[in-house]
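In: Fold the following.
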Amino acid sequence: MKVLLTHGYFLGEDAKEQRIMRPYPPLGILYLAAFLEQRGVPVEVFDSTFSSPAALRQRLCAEPPDVVGIYTNLMTKLNVLAILRFVRSQPSLAGTRIVLGGPEVTHHAERFLEHGADAIVIGEGEETMHALVAAWSDAPAGSPLGDRIAQVAGIAYRDGAGAVIRTPPRPLLKSLDDLPMPKREAVDLRPYLDAWRTHHGRNALSMSTMRGCPYSCRWCSRAVYGESYRRRAPRLVVDEIEQVVARYHPDSLWFVDDVFTINHRWLQAFTDEVERRGARVPYECITRADRLDERAVALLQRSGCFRVWIGAESGSQKILDAMDRRVTVEQVRAMIQLSKRHGIETGTFIMLGYPGETPADIEATIEHLKASDPDQFTITVSYPIKGTPFYDDAVTQMIPSGPWETTTDRDIKLRHAHSSLYYWFATTRVVSEVGYHKALRGAEDPARGEPRPSRTATARLRLKALLGRAGMRFDPALRRLEDRARRWVGPP
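Out: Here you go, the predicted model:
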């Protein structure tokens with residue numbers, strides 16, 4: 001059977017990412033493509049990132065695949081639903097079966113089946129997708145669709161009567177070492193590398209060394225890999241580094257693992273392998289403060305890490321405890337400073353709006369960022385994702401945001417929460433106040449090597465920080481206006 005894999009993400013429709021311009025190839029479906037091809041299944045990947053919905057529709061109609069597999073996450077949900085509608089509306093695609101996988105489908109399987117999917121892959125995708133394709137290939141002509149796939153573990157589908165059936169869960173792969181390297185040659189990587197270099201002066205490609213995360217943060221989705229932790233052997237990771245460097249010559253690598261330094265023995269073996277083979281390439285990664293220490297940071301530096309992202313989420317210990325982060329503000333601060341002393345750039349993540357957060361907690365976050373002094377930080381406003389403890393805690397407080405097929409979990413509003421404008425002002429306050437502090441410090445101590453913005457730029461930061469503070473104080477009025485608009489106009 002001919003299989004077409006795609007992911008429904010279109011950079012041209014993402015104004016925010018067009019400003020950031022840090023696109024990465026769809027690593028998950030490249031792993032899936034390699035796995036299927038290794039087992040004799042003809043596979044094509046339609047990489048939609050630099051393409052368009054019209055081009056994807058044209059490709060589907062030009063040579064209808066037997067099976068189209070679509071990776072689906074929260075960000076691509078609405079595009080995936082549009083693809084489903086298109087496939088189901090075309091007589092020439094009547095024989096094409098649609099399989100969806102990814103983090104968004106696990107807890108919305110029934111909904112996606114209602115909107116035209118033939119099967120939903122729940123959990124890890126490689127073995128399940130192969131089993132689905134094999135079942136459809138081997139089935140007698142004319143046999144009911146449900147009969148063909150009823151024995152495939154790890155899926156949801158609708159039987160002949162329309163009832164949704166969930167088959168038993170499929171065990172996770174025991175060894176990631178058995179996976180082939182992702183089939184990067186299935187897509188054109190040049191646009192990714194060019195976009196990075198044009199906007200940032202250097203480019204990067206993504207790699208994965210592990211799957212899963214054993215930690216318990218209440219806002220984090222574990223819809224695909226659960227709470228597992230499995231990792232590829234260091235020698236295989238370095239094999240892939242050498243292959244990627246030889247073929248694509250990236251300036252740096254981005255390890256997409258949730259906690260790169262989770263296992264210090266693995267990190268030591270990886271560093272040894274990199275040094276033994278002369279395969280040191282600049283890379284950045286993500287980790288937790290409680291999985292760093294002097295030895296781990298030194299190993300990161302030796303193996304090529306030039307930037308480490310250390311999860312923080314908040315400068316308020318009360319909020320970290322509510323998230324079940326199991327780290328302290330002091331740990332995060334100390335590990336950011338330790339990494340900087342080893343010559344490694346640092347980044348951290350901030351999440352505003354977690355239930356229970358007060359203006360005092362936001363002030364604590366500002367002070368934390370000033371004291372820890374990361375080179376970069378990002379800010380998101382929290383929202384509950386279905387299937388997470390955060391979602392379960394908040395379900396009775398949710399305000400309907402509109403029909404499921406036209407909204408995502410990002411659109412969920414909670415009763416008694418602040419207004420949307422409040423978080424715009426709060427974000428402005430955090431970014432500007434920390435930027436103003438950094439500008440003043442750079443002016444006072446040039447030896448720190450920090451950039452010295454002009455007086456105009458410094459004054460602008462100060463004014464924006466004051467604007468943010470003032471806007472946050474007007475929140476009760478803003479919230480009343482937002483509630484009134486919702487009553488009169490209805491959900492978006």
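In: my read is Ile379 is in a strand, agree?
Out: Yes: under DSSP: H, G, I helix; E, B strand; the rest coil, Ile379 falls within a strand.
In: List the residues that contact Thr406.
Out: Leu78 (CB atoms under 8 Å, 6 or more residues apart in numbering). Backbone N, C-alpha and C define where each C-beta goes, glycine included.
In: Actually, Leu267.
Out: Applying CB under 8 Å, 6+ apart, the residues near Leu267 are Phe260, Thr261, Ala296, Leu299, Leu300, Ser303.
In: Return the subset of those lying in helices.
Out: Ala296, Leu299, Leu300, Ser303 (DSSP state H).
In: Just flag the most distant two among the residues you listed.
Out: Maximum pairwise distance in the ones in helices among the contacts of Leu267, criterion CB to CB, is 10.6 Å, between Ala296 and Ser303.
In: so where do the helices sit in the stretch 301-450 of the chain?
Out: All helices of the stretch 301-450 of the chain, identified by DSSP state H, counting those that start in this stretch, fall at 317-323, 329-341, 359-372, 389-394, 420-444.
In: and Pro214, which of those is closest to it?
Out: helix 389-394 (15.1 Å).
In: With only the CA atoms kept, save that closest one in PDB.
Out: Output of helix 389-394 as PDB, limited to C-alpha atoms (Å, rounded to 0.1, in the frame of the first residue of the first chain):
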ATOM      1  CA  PRO A 389      -4.100  16.900  35.900                       C
ATOM      2  CA  PHE A 390      -4.300  20.700  35.400                       C
ATOM      3  CA  TYR A 391      -7.300  20.100  33.000                       C
ATOM      4  CA  ASP A 392      -9.000  17.800  35.500                       C
ATOM      5  CA  ASP A 393      -8.600  20.300  38.300                       C
ATOM      6  CA  ALA A 394     -10.000  23.100  36.200                       C
END
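In: Ala364: neighbouring residues, count only.
Out: Counted with other CB atoms under 10 Å, residues neighbouring Ala364 total 19.
In: next one: the one 5 residues further on
Out: Applying the criterion other CB under 10 Å, we find 25 residues in the vicinity of Leu369.
In: try Gly95
Out: 9.
In: Same check on Gly402?
Out: 12.
In: Tell me the one of the ones in helices among the contacts of Leu267 nearest Gly40?
Out: Ser303 (36.9 Å).
In: Distance check, the closest one against Thr261.
Out: 11 Å (CB to CB, to the nearest Å).
In: Those two: who's more crowded?
Out: Thr261 (25 against 22).
In: mind giving me the domain ranges of this protein?
Out: 3-166, 202-379 (automatic domain parsing).
In: The shortest one - what's its average pLDDT?
Out: The one in question is domain 3-166. Taken as a whole, domain 3-166 has an average pLDDT of 94.
In: on that earlier part again, any idea which of the ones in helices among the contacts of Leu267 has the most stuff around it?
Out: Leu300 (26 neighbours).
In: My guess is His199 contacts Gln18. True?
Out: No: because the distance of 9.6 Å does not satisfy CB atoms under 8 Å, His199 is recorded as not touching Gln18.
In: so what sits against both of those two?
Out: With CB under 8 Å, 6+ apart, His199 and Gln18 have no common neighbours.
In: Which strands and helices lie in contact with whichever strand or helix holds Val244?
Out: Here Val244 sits within helix 234-248, counting by DSSP states H and E. Packing partners of helix 234-248 (3 or more CB pairs under 8 Å, 6 or more residues apart in numbering; DSSP states H and E): strand 204-207, helix 264-277.
In: Could you export these as a markdown table, including distance to Lys413 and mean pLDDT?
Out: Listed next are the helices and strands packed on helix 234-248 as a markdown table, based on distance: least, CB to CB, whole Å; pLDDT from 0 to 100:
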| stretch | distance to Lys413 | mean pLDDT |
| --- | --- | --- |
| strand 204-207 | 33 | 97 |
| helix 264-277 | 42 | 98 |
